[in-house]
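**Q** please find the sequence and the predicted model below.
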Amino acid sequence: MPQTMSTNPANTNQQSIENLREWDRMHHLHPWVAMDGWQNDDYLMMEHADGIYLWDATGKRFIDGPGGMWCVQIGYGRKDMAQVISDQVLRMPYTSPWTSTTEPSAILAKSIAEKAPGDLNNVFFTTGGSTAVDTALRTVHFLNNRLGRPEKKIVIAREKGYHGSTYLASTVTGKERDRSSFDVEKRLVRFLPDVNPYRRPNGMSVAEWCDAKVSDLENMIEEVGVDKVGAFIAEPILCSGGVIVPPEGYHKLTYDLCRKHDILYISDEVVTGFGRLGHWFASEAEFGIKPDIITCAKGLTSAYLPLGACIISDEVMQRMTGPAGEVLFSNGYTYSAHPVCCAAALKNIEIMEDEGILEHVREITPYFQSRLQSLLKFDIVGDVRGMGLLGCIEGKHEIEGDALAADKRFGALLDAACEERGLLVRPLINMAVFSPPLVITKPQIDDMFDILEQALEQVAAVLQK
């Protein structure tokens, strides 16, 4: 007879770690799993968390370098957040967004509209970042259908950009080194070459690289045809692509091109929104642009519950309203504007405001980035880059043969060396990226980078053998 366990999480400690690992291996299909051995992987069995730390089932403590998945802004273990969630569950856990609204969703929509730049005053709630991006792309389709421009649907995106795992979101994702057997709608998208200044040719200045990257967009618009390009989608920083910060001035110049050609500008702020760069949104505050659409998720609730949003400008809404006659904006999710998730988001915003977390990020960022830059002293490090509380280490080592395998080895070695010392990072081929909870302190930053230095010393010793 198969073993069973209580579905109450409070009782999981009664089960052996071995049983839990076995059940996880045999029955839990994790995201982005390697299909040639998906039942052989052992994942860290996390047991509890507090502040910037996680503890596994053996009691070992880890600094949460990735901040969950770029999302744990206010840190773990907030009893005030738990209380608000509990209160809303008891008051009313759900009501259909098709036929009703709630106090948390109405207040949250107003709060987001007030924080978003320009005339982005219209908030469509989704279940996370992928569905927020899908909603943004469907908005492009809807608008151009309403305007009698059914051919103006192609989206221009960028290599190394990541926008999600749903069909449309994955279609505009450009992580070219990730082999996939999933289908995407290739007719809908065109990709621009890498914008990473680290990849510019020898002898080319950053300013010249910026001009070349803007020309990439201009040339693509001309090649595809202005009458066929509906939108340009861009993360302010290409986070999952390796925390790539485009050259200074790039965002404004590409934004101006989109304005010139009546192409909607979608700013994917799923990572950069809600404090990661020290602002509610980075598009205007850091890069001087007011997009037509902003997508957000992750930090919106600090990951206490899933919630995303697609924020649409008044101008786009007015154009979609278009000619007289009823046309439904038939996009939505069962859990759109979920009242418990909206209550959590409101509490998250309240905590960030009351505790000055945005100000804290802006104050501590220079120290965080200086410790990051100091890692260039290691010969095996090719580049370090970041902005706000975002960072990336990219490995550099010369090796003949399979470059991808060598790059993956660097990332795996660094990941293992950090984990051994009590720091979690997120390995991405030959890179390690991190985005710790925004409440991290200066001494904790030192702890984090001290471990990274020790780990790099160990990796260097292995690679030099």
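**A** Received the coordinates, thanks. Numbers count the residues shown, from 1 in each chain.
**Q** between the two ends of stretch 193-206, how far is it?
**A** This stretch, stretch 193-206, spans 16 Å end to end (CA to CA, to the nearest Å).
**Q** and stretch 348-361, by the same measure?
**A** So stretch 348-361: terminal residues 15 Å apart, CA to CA.
**Q** what does stretch 307-318 give?
**A** End-to-end distance (CA to CA), stretch 307-318: 26 Å.
**Q** buried residues of that stretch, list them for me.
**A** Buried residues in stretch 307-318, counted by 16 or more other CB atoms under 10 Å: 307-313, 316-317. Any C-beta I mention is one placed from the backbone N, CA and C, and that applies to glycine too.
**Q** so what's I351 up against?
**A** I351 is in contact with 74, 78, 80-81, 357, counting by CB atoms under 8 Å, 6 or more residues apart in numbering.
**Q** same question, D134
**A** Counting by CB under 8 Å, 6+ apart, D134 has contacts 126, 164, 166-169.
**Q** selection in ChimeraX covering whichever of these are buried, please.
**A** Typed into ChimeraX, the next command selects the buried ones out of these (criterion: 16+ other CB under 10 Å):
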select :126,164,166,168,169
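**Q** among the contacts of D134, which two are most distant?
**A** T126 and Y167 (14.4 Å; CB to CB).
**Q** ranges for the helices of the stretch 51-200 of the chain?
**A** 67-70, 79-91, 103-115, 129-146, 167-171 (DSSP state H, counting those that start in this stretch).
**Q** tell me which of those helices sits most buried.
**A** Mean neighbours per residue, mean count of other CB atoms under 10 Å, is largest over the helices of the stretch 51-200 of the chain for helix 129-146, with a mean of 24.
**Q** what average pLDDT does it get?
**A** Helix 129-146 carries an average pLDDT of 97.
**Q** quick one: distance of it to the chain centre.
**A** Remark: helix 129-146 is offset 19 Å from the chain centroid, using CA atoms, centre = their mean, to the nearest Å.
**Q** and A405, its phi and psi?
**A** Main-chain torsions, A405, degrees, to the nearest 10: phi -60, psi -40.
**Q** retrieve the pLDDT associated with it.
**A** Confidence score, pLDDT, at A405: 84.
**Q** now swap in V84 and tell me
**A** At V84, pLDDT is 98.
**Q** leaving out sequence neighbours, find the closest residue to it.
**A** Excluding the flanking residues, the one nearest V84 by CB to CB, 6 or more residues apart in numbering is K347, at 4.3 Å.
**Q** same thing with E457?
**A** F378 (7.7 Å).
**Q** and for the one you found, the neighbour number?
**A** By other CB atoms under 10 Å, 18 other residues sit near F378.
**Q** when you give positions from now on, start the count at 24
**A** Sure, I'll start counting at 24 from here, so that last one is F401.
**Q** quick check: it touching A483?
**A** Yes: if you go by CB atoms under 8 Å, F401 and A483 touch, sitting 6.3 Å apart.
**Q** now for the two: what residues contact both?
**A** Going by CB under 8 Å, 6+ apart, no residue sits against F401 while also sitting against A483.
**Q** re the thing from before, now the helices of the stretch 74-223 of the chain in a markdown table, with distance to P314?
**A** Formatted as a markdown table, the helices of the stretch 74-223 of the chain follow (distance: least, CB to CB, whole Å):
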| stretch | distance to P314 |
| --- | --- |
| helix 90-93 | 20 |
| helix 102-114 | 29 |
| helix 126-138 | 14 |
| helix 152-169 | 10 |
| helix 190-194 | 17 |
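**Q** between the ones you listed, which one is nearest to M58?
**A** Across the helices of the stretch 74-223 of the chain, closest to M58 is helix 190-194 (CB to CB), at 16.7 Å.
**Q** tell me the secondary structure for I416?
**A** strand (DSSP: H, G, I helix; E, B strand; the rest coil).
**Q** read off the pLDDT value for it.
**A** Reported pLDDT for I416: 98.
**Q** low-confidence ranges, the chain, go.
**A** Across the chain, the ranges flagged by pLDDT under 70 are 24-38, 199-202, 346-348, 420-425.
**Q** residue ranges of each domain in it, please.
**A** 67-97+379-486, 104-377 (automatic domain parsing).
**Q** mind checking which of these is nearest V56?
**A** domain 104-377 (12.6 Å).
**Q** the closest one: end-to-end distance?
**A** This stretch, domain 104-377, spans 13 Å end to end (CA to CA).
**Q** longest helix in this structure, please.
**A** helix 465-486 (DSSP state H).
**Q** now do that one: which elements does it pack against?
**A** Identification of packing neighbours for helix 465-486 by 3 or more CB pairs under 8 Å, 6 or more residues apart in numbering; DSSP states H and E yields strand 84-87, helix 380-396, helix 426-443, strand 446-447.
**Q** tell me the most buried of these?
**A** Among the helices and strands packed on helix 465-486, strand 446-447 has the highest mean neighbour count (mean count of other CB under 10 Å), at a mean of 22.
**Q** what's that one in contact with?
**A** By CB under 8 Å, 6+ apart, strand 446-447 touches 77, 85-89, 441, 471, 474-475, 478.
**Q** in JSON lines: those residues, plus distance to I179.
**A** Listed next are the contacts of strand 446-447 as JSON lines, based on distance: CB to CB, whole Å:
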{"residue": "L77", "distance to I179": "39"}
{"residue": "F85", "distance to I179": "39"}
{"residue": "I86", "distance to I179": "38"}
{"residue": "D87", "distance to I179": "35"}
{"residue": "G88", "distance to I179": "33"}
{"residue": "P89", "distance to I179": "29"}
{"residue": "C441", "distance to I179": "36"}
{"residue": "M471", "distance to I179": "37"}
{"residue": "I474", "distance to I179": "40"}
{"residue": "L475", "distance to I179": "36"}
{"residue": "A478", "distance to I179": "38"}
